[in-house]
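J.: Pasting the sequence and the predicted coordinates here, then a few questions.
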Amino acid sequence: MLKGLLRFVIAVIFILSGFVKAVDLVGFSFKMEEYFSPTVFNMPFFEKFALPLSIVVVVLELLLGFMLLIKLKLKFTLSALIALCVFFGFLTFYSAYYNVVTDCGCFGDAIKFTPWQSFIKDVVLLIGLIIVFIMYGKDFKKKDAYSYSLKKETGNKFKYILLGVFTIALILVGAHGIVHEPLIDFRDYKIGTDLKAEKAKINKNPSEYKTFYSLKNAKTGETVKVNQDDYIKETKYWAEGSPWKIEEGKNESVLIKEGYKSEIVKFKIEDPNGQELTEEIINAPKAVLVFSYHPQSVSPELLKRLEAKVKTRNATAVYGVSTLPNTFKTIKNAMMDGTAIKTIARSNPFVLILENGKIVDKQPAKDYLK
């Protein structure tokens, strides 16, 4: 009874974790790109393979989780899940210890974990899997436990049929998210979100941060961490002739009070000269925004057709928003942080339509042009 319940709980966790990533494989691939970036593992060559690798990871997580649920090839399944958990545990520990990836994307945008929470979750799952492996030890066949034989699996035909149906459903869900938009949108930018109202909540209850300076004594070599308030109060740290010097690149911004959490805090759009356009856009009766997080890879012909169509929409605010100041030729250019654009746009380019700050529609450019 106990081992069956534990097996069921662990299987459901893996399936849920895999599902929220499967509906938004492009979003998960962005997270993989973070791990390959120069600031983390410094493997930029793998960034272009982020999507295929994301698909492999999610498929493994889902299929193995489902196989554990229906108790299919149990020894192989548990062994593979333990290996997968060790791999995830290494990534989350690295992220937490070096503070390089603030959200592992374990549950996509549905549930946010801090790096240390992600690592603890992986450790708990790993311990649970090992316990289940031990508890089911007597049930494993002594020979060929990892091999496949049609004769041996005759009694499991129904389970294989279920696995096949599950795989087809997985393919359909994942493909829809890649080609169009996620079937279920867990992001803060889902249709119906009122950006103006979200901005007001953020302004009413903002997060508070303090800067901690890393100081080194030039005479003794001693190093200390001092928050911004104490740094100002203690004249010994900054008075003329003081041996204490700020170590460049080692200062930290630490969250003191967590305010209203929303990705909308990153919705900040500026013109190429640095003039902020956010208020104009969210207060416009109708705004059409064309986003591109990687404008260099977009076909000029596609952009031309897209610009021609958005200009016919009688919107009071029409902007092309990208990471470069001259991406668009016939509509006004605006700029936004590339990571923030990726949170909004899963395809490149992408169209977002607002009415009085409320998201009423969003589509990949190719769907919008149909």
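T.: Thanks, I have the structure now. Numbers count the residues shown, from 1 in each chain.

J.: just how off-centre is stretch 342-361 within its chain?
T.: Its chain's C-alpha centre and that of stretch 342-361 lie 17 Å apart, by Cα atoms, centre = their mean, to the nearest Å.

J.: Against which helices or strands is the helix or strand bottoming out on mean pLDDT in the chain packed?
T.: Using mean pLDDT, DSSP states H and E, strand 252-257 stands out as the lowest-scoring helix or strand of the chain, at a mean of 79. Applying 3 or more Cβ pairs under 8 Å, 6 or more residues apart in numbering; DSSP states H and E, we find strand 252-257 packed against strand 208-217. Heads up, the C-betas are built off the backbone N, CA and C, glycines and all.

J.: returning to what we had before: list the buried ones in the helix or strand following the least confident helix or strand of the chain?
T.: Where DSSP states H and E defines the elements, the next helix or strand beyond strand 252-257 is helix 278-283. Of the residues in helix 278-283, 278, 281-282 count as buried by neighbour count, 16 or more other Cβ atoms under 10 Å.

J.: Need the residues you listed in JSON lines (columns: distance to residue 304 and pLDDT).
T.: What follows is these, written out as JSON lines (distance: Cβ to Cβ, whole Å; pLDDT from 0 to 100):
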{"residue": "278", "distance to residue 304": "27", "pLDDT": "95"}
{"residue": "281", "distance to residue 304": "23", "pLDDT": "96"}
{"residue": "282", "distance to residue 304": "28", "pLDDT": "95"}
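
J.: Which single one of the residues you listed is nearest to residue 9?
T.: Using Cβ to Cβ, residue 282 comes nearest to residue 9 of the buried residues of helix 278-283, at 42.9 Å.

J.: What residue in the chain is the furthest from its centre?
T.: Distance from the centre of the chain peaks at residue 241, with 47.0 Å (Cα atoms, centre = their mean).

J.: Assumed that residue was part of a helix.
T.: No. According to DSSP: H, G, I helix; E, B strand; the rest coil, residue 241 belongs to no helix; its state is coil.

J.: Distance check, it against residue 213.
T.: The spacing between residue 241 and residue 213, counted by Cβ to Cβ, to the nearest Å, is 18 Å.

J.: and if you look at residue 221?
T.: Residue 221 sits 17 Å away from residue 213, taking Cβ to Cβ as the criterion.

J.: which outside residues touch stretch 232-250?
T.: Stretch 232-250 is contacted by residues 213-220, 223, 226, 231 when judged by Cβ atoms under 8 Å, 6 or more residues apart in numbering.

J.: Using PDB, write down the CA coordinates of that stretch.
T.: Provided in PDB are the C-alpha atoms of stretch 232-250 (Å, rounded to 0.1, in the frame of the first residue of the first chain):
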ATOM      1  CA  ILE A 232      26.800  55.500   4.700                       C
ATOM      2  CA  LYS A 233      26.700  55.600   8.500                       C
ATOM      3  CA  GLU A 234      30.200  54.200   9.000                       C
ATOM      4  CA  THR A 235      32.600  57.000   7.800                       C
ATOM      5  CA  LYS A 236      35.500  54.600   8.200                       C
ATOM      6  CA  TYR A 237      34.500  52.900   5.000                       C
ATOM      7  CA  TRP A 238      34.500  55.900   2.800                       C
ATOM      8  CA  ALA A 239      36.400  58.800   4.500                       C
ATOM      9  CA  GLU A 240      39.400  60.200   2.800                       C
ATOM     10  CA  GLY A 241      42.400  58.000   3.300                       C
ATOM     11  CA  SER A 242      40.300  55.000   4.300                       C
ATOM     12  CA  PRO A 243      41.900  51.600   3.500                       C
ATOM     13  CA  TRP A 244      38.500  50.100   2.700                       C
ATOM     14  CA  LYS A 245      37.800  49.900  -1.100                       C
ATOM     15  CA  ILE A 246      34.700  48.700  -2.900                       C
ATOM     16  CA  GLU A 247      35.500  45.500  -4.900                       C
ATOM     17  CA  GLU A 248      34.100  46.100  -8.400                       C
ATOM     18  CA  GLY A 249      31.800  43.500  -9.700                       C
ATOM     19  CA  LYS A 250      31.200  41.900  -6.300                       C
END
